[in-house]
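Engineer: no FASTA, just this:
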Ligand SMILES: CSC[C@H]1O[C@H](OP(=O)(O)O)[C@H](O)[C@@H]1O
């Protein structure tokens, strides 16, 4: 199973897979400045919470690698400016801020170094962020695969696979790992309007991996559940609040309501870097609203009247009461989520 990485570092640039992926088109984008990384995150060239964090970390390095500052104070001021700039690219995925804070923490820890050496340390930290994410994805897959049995039907929403982060991704990692162990599930992939990450990315990568995948429109999820074809739901996450409320791609909350109504287990798969204990509950999670053209002129074809009012939130929040468990690299968190998350994060 080979995957194009969402994010790659090469000596002189950050190389990203262009995620505006259609099955006939797949290309890399080379970025050489923090501004280019900002645009890649904003326009979804790189997308998926952990991959956004990686791109921000590498983007911050791109922003300071040519700094002429000779003192740490001067270098730190430049670094903070670039970090704040990158942090403003997308508000919901907590991994973005988590990765930037980790880079800043490393700079403070190594402030005694000559600036030239400090720059090398920061590049290494960005690589460590990428490596740790890929290891987390594999561990999520191992824990999640224990939930799966041969022939099960699993519904997914959006893309949280190897084209979103790491090699296996998060929500798709249990499916890949189970397949490696000879346990084969049937995936029903929501196409995920308006940007179609499910159709363009999830269906694409599962088909590439030889996993049984059926593409459905988002409004068909209730029918496939009612037909008895779905034994479980696994989705990714962009931010998990301290009480377990989870922000994920728009439409996830509706899938969770449907799963509850059909008594189907609903799991979230995410690394610990997606848990934000500083956010007490889902009401405090900022929800990104994106351009109306994603709905009215999807992929270049106008499907709505000029000037029509549009509401285009990119995420919604699923209350923890609708979540069966959160699959992390340290195991599966279950209710009572506030207590479970507190215990897990305090043992980290
Ligand atoms: C591991 S991907 C997590 C999460 O990010 C995606 O959002 P976007 O495509 O806008 O970056 C989606 O919500 C995934 O579930």
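Structural biologist: Structure received. Note that the structure is a prediction, hence the values are computed from the model and not measured.

Engineer: okay, the closest residue to residue 113 other than its chain neighbours: pLDDT?
Structural biologist: Leaving aside its chain neighbours, residue 113 sits nearest to residue 121 (6.6 Å; criterion: CB to CB, 6 or more residues apart in numbering). For glycine as for every other residue, the C-beta is placed from the backbone atoms N, C-alpha and C. Per-residue confidence (pLDDT) for residue 121: 98.

Engineer: the ligand versus residue 121, what's the distance?
Structural biologist: According to CB to the nearest ligand atom, to the nearest Å, residue 121 stands 27 Å off from the ligand.

Engineer: list the contacts of that residue.
Structural biologist: The contact partners of residue 121, taken as CB atoms under 8 Å, 6 or more residues apart in numbering, are 106-107, 110, 113.

Engineer: can you pull the phi/psi pair for residue 223?
Structural biologist: The phi/psi pair for residue 223 (degrees, to the nearest 10) reads phi -60, psi -50.

Engineer: for it, give me the pLDDT.
Structural biologist: For residue 223, pLDDT reads 98.

Engineer: and it, what does it touch?
Structural biologist: Contacts of residue 223 by CB under 8 Å, 6+ apart: none found.

Engineer: now the residue in the stretch 101-250 of the chain that the ligand sits nearest to: how far from residue 138?
Structural biologist: Going by CB to the nearest ligand atom, the ligand is nearest to residue 236 of the stretch 101-250 of the chain, at 2.9 Å. Distance of residue 236 to residue 138, computed by CB to CB, to the nearest Å: 15 Å.

Engineer: what does the stretch 101-250 of the chain have sitting close to the ligand?
Structural biologist: The stretch 101-250 of the chain has residues 158, 160, 164-165, 169-170, 197, 235-238, 248-249 near the ligand, with proximity defined as CB under 6 Å from any ligand atom.

Engineer: can you say which of the residues you listed are buried?
Structural biologist: Neighbour counting by 16 or more other CB atoms under 10 Å classes 158, 160, 164-165, 169-170, 197, 235-238, 248-249 among these as buried.

Engineer: and which of the residues you listed is nearest to residue 284?
Structural biologist: Closest approach between those and residue 284, by CB to CB: residue 238, at 13.7 Å.

Engineer: quick check: that closest one touching residue 49?
Structural biologist: Yes. Residue 238 lies in contact with residue 49 (CB atoms under 8 Å); the separation is 4.7 Å.

Engineer: okay, and the common contacts of those two?
Structural biologist: 93-95, 274.

Engineer: related to what we said a few turns ago, host element of the residue nearest to residue 113?
Structural biologist: helix 115-145 (DSSP states H and E).

Engineer: tell me which residues in that helix are buried?
Structural biologist: For helix 115-145, by 16+ other CB under 10 Å, it's 118-119, 122-123, 125-126, 129-130, 132-134, 136-137, 139-145.

Engineer: now stretch 277-292
Structural biologist: Buried, per 16+ other CB under 10 Å, within stretch 277-292: 279, 282, 285, 287-288, 290, 292.

Engineer: okay, the residues you listed in TSV with secondary structure, distance to residue 216 and pLDDT next?
Structural biologist: Below are these laid out as TSV (DSSP: H, G, I helix; E, B strand; the rest coil; distance: CB to CB, whole Å; pLDDT from 0 to 100):
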residue	secondary structure	distance to residue 216	pLDDT
279	coil	32	98
282	helix	26	98
285	coil	27	98
287	coil	25	98
288	coil	25	98
290	coil	23	97
292	coil	25	97
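
Engineer: and which of those residues is nearest to residue 72?
Structural biologist: residue 279 (31.3 Å).

Engineer: and the nearest residue to the closest one once chain neighbours are set aside, what does it touch?
Structural biologist: The shortest distance from residue 279 to any residue other than its chain neighbours is 4.4 Å, reached at residue 241 (CB to CB, 6+ apart). Contact analysis of residue 241 by CB under 8 Å, 6+ apart lists 247, 276, 279-282, 284-285.

Engineer: most widely separated two among the residues you listed?
Structural biologist: 247 and 280, at 13.4 Å, using CB to CB across the contacts of residue 241.

Engineer: how much space between residue 194 and residue 105?
Structural biologist: For residue 194, the distance to residue 105 - CB to CB - is 37 Å.

Engineer: for residue 210, same thing?
Structural biologist: In terms of CB to CB, residue 210 sits 41 Å off from residue 105.

Engineer: helix, strand or coil for the residue of the chain most remote from its centre?
Structural biologist: Distance to the chain centre peaks in the chain at residue 70, reaching 36.5 Å (criterion: CA atoms, centre = their mean). Using DSSP: H, G, I helix; E, B strand; the rest coil, the three-state assignment for residue 70 comes out as coil.

Engineer: that one reaches residue 115, doesn't it?
Structural biologist: Yes. Counting by CB under 8 Å, residue 70 touches residue 115, with 6.3 Å between them.

Engineer: that'll do, ta.
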